[in-house]
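1. 3D, please:
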Amino acid sequence: TLQIFSVKVTGLSGGLKFPLDVYGMVAIRDNLDHNRNIIFHRKRDNCQTLTQEDLSLVLTGPVRAVDLLDPVIFEVELKVKSNIESQDRVLSLLAPPLDSPALIPDSCMFKKCYTSKLSTMELTVGHIFYSLEATISVKVIEGSWLEDSHGQFTASTDSIEDEKVVLLGFGDGKVPLDGDNILLSRSVVSAEYEEHLIVSVNTRQSKKAEDEAVEEHAVFTPLNMGRSYGELNVGFCKMQVTVAWSEALLLRSGMTMEVSL
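-> Residues are numbered from 1 along each chain as shown. Predicted coordinates:
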């Protein structure tokens, strides 16, 4: 499967300069159903402001794991908001195939750059072998989340431990809550069968330099279907992390794989 780490807007042209108010859609199409699996979607009245310091789109997907057994399509339709809608400019419009460079059955990370219209899109992804889909949820079970806390929730795997999937980056804003449930921006990631998935939280109670950040991890061993549970304790509250696992691809298909080098 394809692990999507980040999508960045770089290489501006046509006189564009940061900051930019960006809206539109970014999606992935794979061979399972050929439908759009949306990873970013914003309407004109809810733009994301991109700056020179932060070029990454805030992703909200995929909503299911992306199959990489066949080439997938990276589909982008982005515009830059102007004072008048008729003057909005097309920032990126493209739909290239995305092929993995991986030749051996080991998970790896790679980057792709695509230039179109007035920008270059930089896509950082992982090729996850022998993978399962993991759906993550987080719930406060003791204490309460402090409104002035800053930081992020992330997920990573053993094989690509230096690159993390941002599940929720709350920065200067409030953490979105539904009762005791923390509403993650992204909840679906891929993990290797018989390896580990690490869910982490990094938070501090304000942006002051003297405030020490608290980082906690919950480590999960993937299951062939079923659910796993872990805890994150950041002092002012304790959270339960639930991971719902899909059926393992190799077990479902009955495949065995041989690789000749």
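2. contacts and neighbour counts: CA atoms only from here.
-> Will do.
3. where along the stretch 51-200 of the chain do the helices fall?
-> Under the criterion DSSP state H, counting those that start in this stretch, the stretch 51-200 of the chain carries no helices.
4. for it, give me the ranges with low pLDDT.
-> Counting by pLDDT under 70, the stretch 51-200 of the chain shows low-confidence ranges at 102-104, 171-172.
5. show me where it has its strands.
-> Assigned by DSSP state E, counting those that start in this stretch, the stretch 51-200 of the chain shows strands spanning 72-80, 89-94, 97-98, 108-116, 119-127, 131-143, 150-157, 165-169, 177-178, 181-182, 188-192, 197-204.
6. redo these as CSV? Include mean neighbour count and distance to residue 8.
-> Listed next are the strands of the stretch 51-200 of the chain as CSV, based on neighbours: other CA atoms under 10 Å; distance: least, CA to CA, whole Å:
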stretch, mean neighbour count, distance to residue 8
strand 72-80, 20, 12
strand 89-94, 20, 12
strand 97-98, 16, 16
strand 108-116, 15, 9
strand 119-127, 20, 5
strand 131-143, 20, 24
strand 150-157, 22, 18
strand 165-169, 23, 14
strand 177-178, 10, 27
strand 181-182, 16, 26
strand 188-192, 27, 19
strand 197-204, 21, 22
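7. could you export those strands as TSV, including distance to residue 217?
-> Shown next, in TSV, are the strands of the stretch 51-200 of the chain (distance: least, CA to CA, whole Å):
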stretch	distance to residue 217
strand 72-80	32
strand 89-94	37
strand 97-98	32
strand 108-116	22
strand 119-127	21
strand 131-143	13
strand 150-157	9
strand 165-169	14
strand 177-178	21
strand 181-182	16
strand 188-192	16
strand 197-204	4
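8. so for residue 6, which of those strands sits nearest?
-> strand 119-127 (5.2 Å; CA to CA).
9. which helices and strands does that closest one pack with?
-> strand 2-10, strand 89-94, strand 108-116 (3 or more CA pairs under 8 Å, 6 or more residues apart in numbering; DSSP states H and E).
10. can you give me the domain boundaries for the protein?
-> Following automatic domain parsing, one gets these domains for the chain: 2-127, 131-245.
11. before we move on, back to that, nearest to residue 229, out of the strands of the stretch 51-200 of the chain?
-> With CA to CA, the closest approach to residue 229 among those belongs to strand 131-143: 9.9 Å.
12. just how off-centre is that closest one within its chain?
-> 15 Å (CA atoms, centre = their mean, to the nearest Å).
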